[in-house]
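Enquirer: the sequence and its predicted three-dimensional model are supplied below.
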Amino acid sequence: MTELKQLLHAVFSDRDIAPEDVPRLDLYMDQVLALFDEGLSASLRAPSDKPLTKTMVHNYSKEGLLTPVKGKKYSRQQIMQLLCIYHLKQTLLLSDVKALTGRDDVDFEACYARLLRSKEEMREKAPPALTECLPAGLDDPNERLVACLTLTALSDYLRRLCEQLIDGADA
């Protein structure tokens, strides 16, 4: 069980970019990318992975996930929008992300701040709940598979709940 607790601790010790870490001034693309690299790289799977690239930002803008950029600088609201997109795209299809973020009537800073508060609660409550649901012996390939199947089933339930929320908003 110690191995599972260590894994849970490592996963739930991720770091986020706090709203107060986002400058109040508009930023150029390279500054936005540096902010994401510094603030989110520790939670990536491989050191070579990037949380955000120029291509991603251009595609998000082109596909309507991100409000259009005026000039060459990104506003604080757009940076918060990018942070929301970053979190949502980990699980949802880009079309679903667009339904949530491709609008200008959302206070992305307030929503992102609430996300961070919710994550703090999850960091406390989720590890004990997962410890109860997951097998203890993760050295055994069968138990590791069962653990991954269980986690993907939970992930699927949560993704489907998001889809229902998105689809219900369109009704």
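Expert: Yep, it's here.

Enquirer: ok, longest helix in this protein?
Expert: Assignment by DSSP state H gives helix 141-170 as the longest helix of the chain.

Enquirer: for that one, packing partners?
Expert: In terms of contact count using 3 or more Cβ pairs under 8 Å, 6 or more residues apart in numbering; DSSP states H and E, helix 141-170 is assigned the packing partners helix 94-101, helix 108-133. To be clear about C-beta, it is placed using only N, CA and C from the backbone, and glycine gets the same treatment.

Enquirer: now these as CSV including distance to F36, mean pLDDT and mean neighbour count?
Expert: Shown next, in CSV, are the helices and strands packed on helix 141-170 (distance: least, Cβ to Cβ, whole Å; pLDDT from 0 to 100; neighbours: other Cβ atoms under 10 Å):
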stretch, distance to F36, mean pLDDT, mean neighbour count
helix 94-101, 16, 96, 19
helix 108-133, 13, 95, 13
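
Enquirer: need the ones you listed in CSV with distance to H9, can you?
Expert: CSV is the format used below for the helices and strands packed on helix 141-170 (distance: least, Cβ to Cβ, whole Å):
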stretch, distance to H9
helix 94-101, 29
helix 108-133, 7
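
Enquirer: list phi and psi for the nearest residue to R123 once chain neighbours are set aside.
Expert: Nearest-residue entry for R123: F12, 4.6 Å, with adjacent residues in sequence omitted and distances by Cβ to Cβ, 6 or more residues apart in numbering. Per-residue torsions, F12: phi -90, psi 10 (degrees, to the nearest 10).

Enquirer: residues touching F12, list them.
Expert: Contacts were defined as Cβ atoms under 8 Å, 6 or more residues apart in numbering; by that measure F12 touches 122-123, 126-127.

Enquirer: first-to-last residue distance for stretch 64-74?
Expert: One end of stretch 64-74 sits 15 Å from the other (Cα to Cα, to the nearest Å).

Enquirer: distance from the chain centre to that stretch, please.
Expert: 20 Å (Cα atoms, centre = their mean, to the nearest Å).

Enquirer: average pLDDT for it, rounded please.
Expert: In this model, stretch 64-74 has an average pLDDT of 93.

Enquirer: kind regards, and thank you for your time.
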